[in-house]
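# Starting from these lines, generate the structure:
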Amino acid sequence: MHHLLPKSPSLVSDESSMDLFSREQLDRSSPELWPEQIPGVSKFASLAMTQEEPKPSQQPEWLKDLDHEDISVLQGFGSLTAAALLEKVRDLQNLAYQLGLEEAKEMTRGRFLGILPKRKDIR
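Numbering: from 1, shown residues only. The predicted structure is shown next:
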């Protein structure tokens, strides 16, 4: 009876890893075979991985119109907890509502005083 001796663990792992090795590239060249879960994510990920570190002159478009005070306010919002940020948003919504009511009163007052033209004259 012939007994097989087990191979050394290093030889077994090398052979098994070579058996599982594949040189095939699984890219998204075929949308039918590899559908994209969220359209555009692959393109975005490839752009994000190939871009270098952003230079100070390459600011996002929305950041170009902000001054230092605006940025400090945004950083302040970023340091708030979720509950504190929600409270701040509620306060801003209430302030906007109150300003809208005040503006409506002033517009009505302006019409009564004849300062503003009537609706049919606005065209």
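# start to end distance for stretch 62-82?
23 Å (C-alpha to C-alpha, to the nearest Å).
# for this protein, what's the longest helix?
Identified as the longest helix of the chain according to DSSP state H is helix 82-112.
# List the contacts of stretch 79-96.
F77 (C-beta atoms under 8 Å, 6 or more residues apart in numbering). From N, CA and C alone the C-beta is placed, and that goes for glycine too.
# low-confidence ranges in the chain?
The chain contains residues with pLDDT under 70 at 1-17, 24-42, 45, 48-57, 117-123.
# Now do the helices in it.
Going by DSSP H, the chain shows helices at 9-20, 41-50, 68-79, 82-112.
# Take the ones you listed and write them to JSON lines, including mean neighbour count and distance to Q58.
JSON lines is the format used below for those (neighbours: other C-beta atoms under 10 Å; distance: least, C-beta to C-beta, whole Å):
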{"stretch": "helix 9-20", "mean neighbour count": "9", "distance to Q58": "43"}
{"stretch": "helix 41-50", "mean neighbour count": "10", "distance to Q58": "13"}
{"stretch": "helix 68-79", "mean neighbour count": "10", "distance to Q58": "16"}
{"stretch": "helix 82-112", "mean neighbour count": "10", "distance to Q58": "28"}
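# could I get the ones you listed as CSV with distance to P60?
As requested, those are exported to CSV (distance: least, C-beta to C-beta, whole Å):
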stretch, distance to P60
helix 9-20, 44
helix 41-50, 14
helix 68-79, 12
helix 82-112, 21
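# any idea how far D65 lies from Q59?
As for D65, its distance to Q59 is 10 Å (criterion: C-beta to C-beta, to the nearest Å).
# So between those two, which is more surrounded?
Q59 (11 against 7; other C-beta atoms under 10 Å).
# Would you list the phi and psi of that one?
The phi and psi values for Q59, taken as degrees, to the nearest 10, are phi -90, psi 150.
# show me the contacts for it.
If a contact means C-beta under 8 Å, 6+ apart, then Q59 has no contacts.
# next one: the one 4 residues further on
Neighbouring residues of L63 by C-beta under 8 Å, 6+ apart: I71.
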